[in-house]
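In: What follows is a predicted structure for the sequence shown.
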Amino acid sequence: MTVRVGILGATGAVGQRFIQLLEDHPTFELAAVTASAESAGKTYREAAKWRVDTPIPEDVAEMEVSTTEPGSVPDDVDLLFSSLPSGAAASVEPDFLEAGYVVSSNSSNDRMAEDVPLTIPEINPEHLELIDVQRDERGWDGALVKNPNCSTITMVPTLAALDRFGLEVANVSTLQAVSGAGYSGVTSMEIIDNAIPHIGGEEEKMETESRKLLGEFDGASVTLHDADVTASCNRIPTIDGHLENVFAELAEDPTPEDVREAMREQPSADLPSSPDQFIKVFGDDEPERPQPRLDRTYADGMGVVAGGVQTTSGGVKYNCLAHNTIRGAAGASLLNGELLVEDGWI
């Protein structure tokens with residue numbers, strides 16, 4: 001089965017990752033790339049200042065960039081991946097949904113909307129059934145699915161593993177790479193020899209999205225998980241890879257090995273881009289891992305890495321890491337697209 005796909009906002013940092021991940025994909029065939037009016041009509045090579053560490057696929061390089069509106073995307077495109085800025089996505093995505101397109105979006109708008117699935121395929125695939133609610137309430141022929149923020153997606157798989165011990169509180173401090181802000185998001189004069197202890201809106205996203213992802217779906221709505229989640233988000237001068245220090249309080253008292261085993265046993269998904277082992281966990285003989293430079297490309301950047309597991313008076317503390325523009329952005333939307341196909345929504 002071949003599914004024709006398009007990318008909304010294809011020339012940006014996340015759009016370029018989409019193109020990289022779609023090359024030689026077993027199911028998806030890239031059929032359309034869109035960008036701003038200034039880029040429309042140009043070849044992709046002309047429109048995109050390519051910054052990914054592999055060459056532009058030649059067939060994509062010569063594709064003509066379209067404007068980001070339904071009339072510019074072929075009718076036979078089955079699935080759209082959105083990497084638009086949230087403001088643009090909020091105004092543009094509904095037009096595509098009303099036109100009948102299915103959109104797997106990395107944009108932050110509508111993630112917490114009650115009828116929009118916020119999905120990590122390995123964690124809460126059943127939340128896709130909110131699409132039926134969404135279509136009934138909004139009258140769309142299409143469907144909108146969101147993946148979480150890049151910092152959220154790094155932590156939540158580990159929290160899902162801990163929930164078997166009764167997750168009650170999660171406090172996290174992040175060390176986030178500059179690529180999470182986009183190419184021009186943080187200047188070199190701001191970040192070199194520095195750390196910035198604030199990322200606008202990031203803490204609220206982690207605190208709310210985590211509870212929705214871990215929440216229970218009853219067939220009509222999602223009840224947020226009752227854990228108390230608090231985040232402190234910091235930008236550091238690494239290029240890729242978000243490292244996070246998590247302190248979790250649990251109802252039970254697992255040993256460090258219990259925690260490591262629970263994380264290792266967190267199931268992966270049976271999808272083309274899923275890692276064989278979702279969470280890689282370092283033992284207590286390597287307390288200095290994970291590290292962004294050494295571990296961000298685990299499972300081609302699609303997995304999560306954890307380590308430094310220790311017990312505390314009320315629970316555990318540990319570190320976790322994921323590649324923020326692969327697993328945390330384009331790769332997350334790609335997996336949601338694969339799940340949409342697997343579950344028959346496309």
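Out: In hand now; what should we look at? Everything numeric in this text was worked out from a predicted model, so none of it was measured.
In: Is residue 105 in contact with residue 146, as I believe?
Out: Yes - with contact defined as Cβ atoms under 8 Å, residue 105 counts as touching residue 146 (5.4 Å). For the C-beta atoms, the positions are set from N, CA and C on the backbone; glycine is no exception.
In: Check what pLDDT residue 223 gets.
Out: Note on residue 223: pLDDT of 98.
In: again but with residue 313, I slipped
Out: Per-residue pLDDT puts residue 313 at 86.
In: how close does it get to residue 231?
Out: Separation of residue 313 from residue 231 (Cβ to Cβ, to the nearest Å): 21 Å.
In: and what of residue 263?
Out: Going from residue 263 to residue 231 by Cβ to Cβ gives 20 Å.
In: what about residue 313 and residue 231, which has more around it?
Out: Counting neighbours by other Cβ atoms under 10 Å for residue 313 and for residue 231 shows that residue 231 has the greater number, 23 against 6.
In: Got phi/psi on the more buried one?
Out: When read as degrees, to the nearest 10, the backbone of residue 231 gives phi -130, psi 150.
In: contacting residues for it?
Out: Taking Cβ atoms under 8 Å, 6 or more residues apart in numbering, we find residue 231 in contact with 151, 171, 172, 173, 174, 202, 203, 206, 207.
In: So which elements touch whichever strand or helix holds the last one?
Out: Taking DSSP states H and E as the definition, one finds residue 207 inside helix 202-213. Where contact means 3 or more Cβ pairs under 8 Å, 6 or more residues apart in numbering; DSSP states H and E, helix 202-213 is packed against helix 150-162, strand 167-176, strand 228-235.
In: Single out the most deeply packed of these.
Out: Of all the helices and strands packed on helix 202-213, helix 150-162 carries the top mean neighbour count, a mean of 27, counting by mean count of other Cβ atoms under 10 Å.
In: Mind giving me the packing neighbours of that one?
Out: If contacts are counted by 3+ Cβ pairs under 8 Å, 6+ apart, helix 150-162 sits against strand 167-176, helix 202-213, strand 242-250, helix 256-264, strand 279-281, strand 304-311, strand 315-322.
In: right, and the helix or strand after the second one?
Out: Following the chain from helix 202-213 toward its C-terminal end, the next helix or strand by DSSP H and E is strand 216-217.
In: Can you tell me the strand partners of that next one and which way each runs?
Out: Within its sheet, strand 216-217 is paired with strand 222-223 (antiparallel), according to DSSP bridges.
In: low-confidence ranges in the chain?
Out: In the predicted model of the chain, no residue satisfies pLDDT under 70.
In: Okay, domains of it per the record?
Out: Domain assignment for the chain, taken from automatic domain parsing, gives 3-149+329-342, 150-323.
In: what about the closest residue to residue 335 other than its chain neighbours, helix or strand, and which?
Out: Once flanking residues are discounted, residue 335 sits nearest to residue 121: 5.0 Å by Cβ to Cβ, 6 or more residues apart in numbering. Element membership for residue 121, per DSSP H and E: none, as it lies in no helix or strand.
In: what's near enough to touch residue 121?
Out: Neighbours of residue 121 in contact, by Cβ under 8 Å, 6+ apart: 269, 271, 274, 335, 336, 338, 339.
In: wait, which of these is closest to residue 134?
Out: Nearest to residue 134 among the contacts of residue 121: residue 336, at 14.3 Å, using Cβ to Cβ.
In: What number of residues are in the vicinity of the closest one?
Out: For residue 336, the count of nearby residues is 26 (other Cβ under 10 Å).
In: and what of residue 285?
Out: A count of nearby residues for residue 285, using other Cβ under 10 Å, gives 6.
In: what do you get for residue 224?
Out: Residue 224: 15 surrounding residues under other Cβ under 10 Å.
In: What sits closest to it if chain neighbours are left out?
Out: Closest residue to residue 224 apart from its sequence neighbours, by Cβ to Cβ, 6+ apart: residue 211 at 4.1 Å.
In: same check, this time on residue 339
Out: Excluding the flanking residues, the one nearest residue 339 by Cβ to Cβ, 6+ apart is residue 121, at 4.5 Å.
In: And the one you found, how far from residue 8?
Out: In this view, residue 121 and residue 8 are 21 Å apart by Cβ to Cβ.
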